[in-house]
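> pasted the sequence and its predicted model underneath.
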Amino acid sequence: MSLQKILLNFEPRPENLLAVLKKTQKENKYIGKKECEVIADYFSLPLARVYSFASFFDGIRTKKDDKKIIKICSGGPCLSENSKKVARQIEMFLGVEVGNDIHSKYRLEYMSCLGLCDRGPIVEIEGNIFERVKPETVDDILKNYL
């Protein structure tokens, strides 16, 4: 779906900006300067405001990246359910550390709480959510998905 079609689904009111950014991200994998300019024009907002708003949120990418992104929840309930051990298992499987951007195919990072606290630890791979992940299930998830 083109950015113009996405915009037509939303009134140009400030409270719709985040929804437009999320929908654009879902369609395009990231929101670049060109997209920010079109969105700013549609909402009659300064480009800097749209860009700073987009770059504030962990879930919105403002740079193109062809790597598969794997995120582990770092919220309190997930941490208490051993999300750190899940992260270590993913690190060992992929050979990359959380936050280290040197791997050519994958990026592993922590994410903020998604509100799925009763189903943690949560792992997200390219928008797909995996619930109640345990260190012993990590390898199977990664083999089947990657």
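Yep, it's here.
> please count neighbours and contacts with C-alpha atoms only from this point.
Noted.
> tell me the domain ranges of this protein?
Following automatic domain parsing, the chain resolves into domains at 3-56, 68-145.
> is residue 100 in contact with residue 94, as I believe?
No. Checked against C-alpha atoms under 8 Å, the pair residue 100 and residue 94 is beyond contact range at 11.7 Å.
> between these two, who's got more neighbours?
For residue 100 versus residue 94, the count of surrounding residues by other C-alpha atoms under 10 Å is larger for residue 94: 16 against 11.
> so what's the residue count around the nearest residue to the more buried one once chain neighbours are set aside?
Using C-alpha to C-alpha, 6 or more residues apart in numbering and skipping the chain neighbours, the partner closest in space to residue 94 is residue 106 (7.9 Å). Neighbourhood size, residue 106 [other C-alpha under 10 Å]: 19.
> partners of residue 106 in the sheet?
Beta-bridge partners for residue 106, by DSSP bridges, are residue 68.
> hmm, back to that, tell me which of the domains of the chain sits nearest to residue 62.
Of all these, domain 3-56 sits nearest to residue 62, with 4.8 Å by C-alpha to C-alpha.
> end-to-end on the closest one?
Domain 3-56 has an end-to-end distance of 21 Å (criterion: C-alpha to C-alpha, to the nearest Å).
> same question, stretch 89-108
11 Å.
> quick thing: my sequence starts at 379, can you match it?
With 379 as the first residue, the last one maps to stretch 467-486.
> next up, the contacts around the nearest residue to residue 479 once chain neighbours are set aside.
Leaving aside its chain neighbours, residue 479 sits nearest to residue 485 (6.0 Å; criterion: C-alpha to C-alpha, 6+ apart). When contacts are counted by C-alpha atoms under 8 Å, 6 or more residues apart in numbering, residue 485 touches 445, 446, 447, 448, 474, 476, 477, 478, 479.
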